[in-house]
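> Give me the fold of what follows.
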Amino acid sequence: MRDLWYKDAVIYCLDVETYQDDNADGIGDFPGLTDRLDHIAGLGATCIWTEFVRQARERGLRVIADLVVNHTSDQHPWFQAARSDPDSPYRDYYVWADDPPEDAPEPLIYDEDEGSGSVWEYDERADAYYFHRFFKHQPDLNIANPLVREEIMRIMGFWLELGVSGFRLDAAPYLIELRGIEDEAEVSTPYEYLREFREFLSWRKGDAILLAEANVEPEQVEDYVGDGRRMHMLFNFVANQKLFLALAQESTEPLEEGLHDPPELPSTGQWAHFLRNHDELTLDKLTDSEREDVFDAFAPTEEEQIFGRGIRRRLPPMLSGGGRQTRMAYSLMLSLPGTPVLRYGQEIGMGDDLSLEGRHSVRTAMQWSDEKNGGFTKAEEGELARPVIREGEYGFHHLNVERQRNENDSLLNWMVRMIRLRKECGEIGWGDWSVIETGEESVFAHVCRHQDRAIVAVHNLSGEERTVELGLSDLPDGHLNDLMTDTQYEPITEDEHRLRLDGYGYRWLRFHAPGPKGAPRTHRFLGRPSLFCIIGRLAMDRRPKTRP
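Coordinates of the predicted model:
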């Protein structure tokens, strides 16, 4: 049987550039990241290059790399060669047109600096228009060109040789768009390109994975996983957006829809659940009225919103319920069936900087201590590649790793305990799941079952105390024991599955079914828990750095 280690993983995402700077130039680097491996391992990590990878392996960490190959920078040598000579072999690495097609799709990025607001940009040197789904300085690659796919696999092979355990495939739906093909009938389905990448990956490293960033409709999910021979994992954008709608409305119904709407994945597939990532919190899968509900609750001002469809805030500043609501939201995400994904800074409750442009508001430097620049770098303030938050309740003087490490009830130490618990609950990553009736609109309960074991998680989405009766009719006779709670609650009696939750309260419970008389009860799940990191970006889309 193949090693499905990712079913037990807890993913920790970071950008090397903003994590830790070692040489005091203001830009995070791998030596700096290596110095912080103990922090990642201390969270409960087990998945996070030569020396860096070696030390990561010594701590039981895996490394996943962010593979950005939908586009390159307009400064990339390929594009420079393509625009300079129509007969260049690199010309067909990109998508060109003498005149923009009338049926061009809408751009994904709406920015005043982007000029025409079209996905086609005129290049004077080439005397032609090139296609770009994102910013105009990021021309899209022509995935239909076999030479481009060979280049992508060559890049994958290089990083696999250095020890990575797989890739997060950035912007997967746009990577496989049929563009630049005069006869689209030549391609039976562009999703076969994903199978091509999967086959190459499996050939080079059997246990490596592909995690796709694919914000698509539920009925399109099957195209990305196929029969289990395309993507191993998918981010669950539908559940993410419905979760925030559930929090805004204090109703479990949207979350239940978000978990049920996407189809069941093949046995080797896995959903990745998250609260926030490095981009905006996109709400494009919600209706206009639903989106307004989320905006009203978490981002009521235009300054907090972006692109008309998203929120450019980190989680803690969004939640008016303070620390209790934040912990409940993280607990809920960690309990969802699949693999949880955390982003750097979430373990200490980092905030955002709305004075920064666009999505950079949530991309500030990691806050390690109350020392200069939050311990991120010894460079001068003006030298930083990304600023650190200095003022207010989220400033590094008040909120940092060092301070929270010494406080027993800090968010950091709570997160360590929650991740440890999650790693002991293999039912969540491996098992079947179902929603449990509670009789309360604001209380979400579900059970994850694997073999003869089960975990029940109950979360109160409202700020008011609730008492519920769990509908466990589909479980055999047994009893529930608390594994983790937000406070001390009364024990649940064996003959009555009635429990109380404070406002924004949560309870994780182990279900014990009675075994044969005298039979030993096994308490340990026999999986191999792991936590891994997504490190930086293997990108060809960034412009050269310029100092302010």
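
> Angles on the backbone of residue 103, please.
phi -100, psi 30 (degrees, to the nearest 10).

> ugh, wrong one, residue 341
The phi/psi pair for residue 341 (degrees, to the nearest 10) is phi -120, psi 120.

> That one - how many residues pack around it?
25 (other CB atoms under 10 Å). All C-beta spots, glycine's among them, are computed from the backbone N, C-alpha and C.

> If it is in a bridge, with which residues?
Using DSSP bridges, the bridge partners assigned to residue 341 are residue 11, residue 274.

> Report the contact partners of it.
10, 11, 13, 235, 272, 273, 274, 277 (CB atoms under 8 Å, 6 or more residues apart in numbering).

> now with 10 Å?
Contacts for residue 341 (CB atoms under 10 Å, 6 or more residues apart in numbering) come out as 9-13, 168, 211, 233, 235-236, 240, 272-277, 333, 534.

> where does residue 230 land in three-state SS?
Under DSSP: H, G, I helix; E, B strand; the rest coil, residue 230 falls in the coil class.

> I'd assumed residue 197 was in contact with it.
Yes - with contact defined as CB atoms under 10 Å, residue 230 counts as touching residue 197 (8.3 Å).

> Pull up the overlap in contacts between those two.
residue 210.

> could you pull out the helices for the stretch 401-548 of the chain?
Secondary structure of the stretch 401-548 of the chain (DSSP state H, counting those that start in this stretch): helices at 401-405, 411-424, 426-430.

> what's the closest of those helices to residue 441?
Across the helices of the stretch 401-548 of the chain, residue 441 has its closest neighbour in helix 426-430 (24.2 Å, CB to CB).

> in the stretch 1-150 of the chain, which segments are predicted with low confidence?
1-2, 45-50, 109-116 (pLDDT under 70).

> What number of residues are in the vicinity of the spatially closest residue to residue 430 that is not a sequence neighbour?
Setting aside the residues directly before and after it, residue 430 is nearest to residue 450 in space (CB to CB, 6 or more residues apart in numbering), at 4.8 Å. By other CB under 10 Å, 18 other residues sit near residue 450.

> can you check residue 31 too?
Using other CB under 10 Å, residue 31 has 13 neighbouring residues.

> repeat for residue 258
Neighbours of residue 258 (other CB under 10 Å): 23.

> Would you mind listing where the chain has pLDDT under the threshold?
1-2, 45-50, 109-116, 178-188, 493-496, 513-548.

> That one - how does it break down into domains?
Here the domain assignment for the chain is 5-71+144-422+530-540, 74-131, 431-512, based on automatic domain parsing.

> what phi and what psi does the backbone show at residue 291?
phi -60, psi -40.

> ok, for it, nearest residue in space, not its chain neighbours?
Closest to residue 291 by CB to CB, 6+ apart is residue 283, at 4.7 Å.

> who's in contact with that neighbour?
Counted by CB under 10 Å, 6+ apart, residue 283 has contacts 237, 240-241, 244-245, 290-295, 298-299, 305, 307-311.

> hmm, try it at 8 Å
241, 244, 290, 291, 294, 295, 309, 310, 311.

> Just the closest of the residues you listed to residue 102, please.
residue 309 (24.7 Å).

> ok, now which ones touch the nearest residue to the closest one once chain neighbours are set aside?
What sits nearest to residue 309 in space, not counting adjacent residues and going by CB to CB, 6+ apart, is residue 284, at 4.8 Å. The contact partners of residue 284, by CB under 8 Å, 6+ apart, come to 215, 241, 309, 310.

> Relative to residue 299, how far out is the third one?
Read it as residue 309. 11 Å (CB to CB, to the nearest Å).

> burial count for the nearest residue to residue 376 once chain neighbours are set aside?
Distances taken as CB to CB, 6+ apart put residue 365 closest to residue 376, at 4.2 Å, once the chain neighbours are dropped. Using other CB under 10 Å, residue 365 has 29 neighbouring residues.

> Dump the C-alpha coordinates for the longest helix along the chain into CSV.
Counting residues, the longest helix found in the chain (DSSP state H) is helix 146-161. What follows is helix 146-161 as a C-alpha-only set of coordinates in CSV (Å, rounded to 0.1, in the frame of the first residue of the first chain):
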residue,chain,number,x,y,z
PRO,A,146,4.9,20.0,-24.7
LEU,A,147,8.2,21.8,-24.2
VAL,A,148,6.6,23.9,-21.5
ARG,A,149,5.4,20.8,-19.7
GLU,A,150,8.8,19.3,-20.0
GLU,A,151,10.3,22.4,-18.4
ILE,A,152,7.8,22.2,-15.5
MET,A,153,8.7,18.6,-14.9
ARG,A,154,12.3,19.5,-15.0
ILE,A,155,11.7,22.0,-12.3
MET,A,156,9.9,19.4,-10.3
GLY,A,157,12.7,16.9,-10.7
PHE,A,158,15.3,19.4,-9.5
TRP,A,159,13.5,20.1,-6.3
LEU,A,160,12.6,16.5,-5.7
GLU,A,161,16.3,15.7,-6.0
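
> Mind listing what's buried along that helix?
148, 149, 151, 152, 153, 155, 156, 159, 160 (16 or more other CB atoms under 10 Å).

> CSV for those, including distance to residue 490?
Shown next, in CSV, are these (distance: CB to CB, whole Å):
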residue, distance to residue 490
148, 62
149, 60
151, 62
152, 57
153, 58
155, 57
156, 54
159, 52
160, 53
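
> Check those residues against residue 103 and report the nearest one.
Nearest member of those to residue 103, counting by CB to CB, is residue 148, at 23.4 Å.

> about what we covered before: now do the same contact list for the residue nearest to residue 376.
Per CB under 8 Å, 6+ apart, neighbours of residue 365: 18, 19, 28, 373, 374, 376, 377, 384, 386, 387, 388.

> Which helix or which strand is home to the first one?
It refers to residue 18. Taking DSSP states H and E as the criterion, residue 18 maps to helix 16-19.

> do the third one as well
Assigned by DSSP H and E, residue 28 falls within no helix or strand.

> re the thing from before, wait, which of the contacts of residue 283 is closest to residue 433?
Nearest to residue 433 among the contacts of residue 283, with distances taken as CB to CB, is residue 241, at 19.5 Å.

> now that closest one, what's its secondary structure?
Relying on three-state DSSP, one would call residue 241 helix.

> What residues does the spatially closest residue to it that is not a sequence neighbour make contact with?
Once flanking residues are discounted, residue 241 sits nearest to residue 285: 4.9 Å by CB to CB, 6+ apart. The contact partners of residue 285, by CB under 8 Å, 6+ apart, come to 215, 217, 237, 238, 241, 242.

> Quick check: ChimeraX command selecting the buried ones in the contacts of residue 341.
Command for ChimeraX that selects the buried part of the contacts of residue 341, burial taken from 16+ other CB under 10 Å:
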select :9,10,11,12,13,168,211,233,235,236,240,272,273,274,275,276,277,333,534
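
> And the contacts of residue 283, which is closest to residue 86?
residue 309 (37.8 Å).

> That closest one reaches residue 282, doesn't it?
Yes - at 6.0 Å, residue 309 and residue 282 qualify as touching, with contact defined as CB atoms under 8 Å.

> would TSV of the contacts of residue 365 with neighbour count be doable?
TSV is the format used below for these (neighbours: other CB atoms under 10 Å):
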residue	neighbour count
18	23
19	25
28	26
373	23
374	25
376	27
377	26
384	21
386	18
387	19
388	23
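
> doesn't residue 330 make contact with residue 323?
No - at 10.6 Å, residue 323 does not count as touching residue 330 under the criterion of CB under 8 Å.

> So for these two, which sits in the more crowded spot?
Neighbour tally, residue 323 and residue 330, criterion other CB under 10 Å: the higher count belongs to residue 330, 23 against 15.

> Thank you, goodbye.
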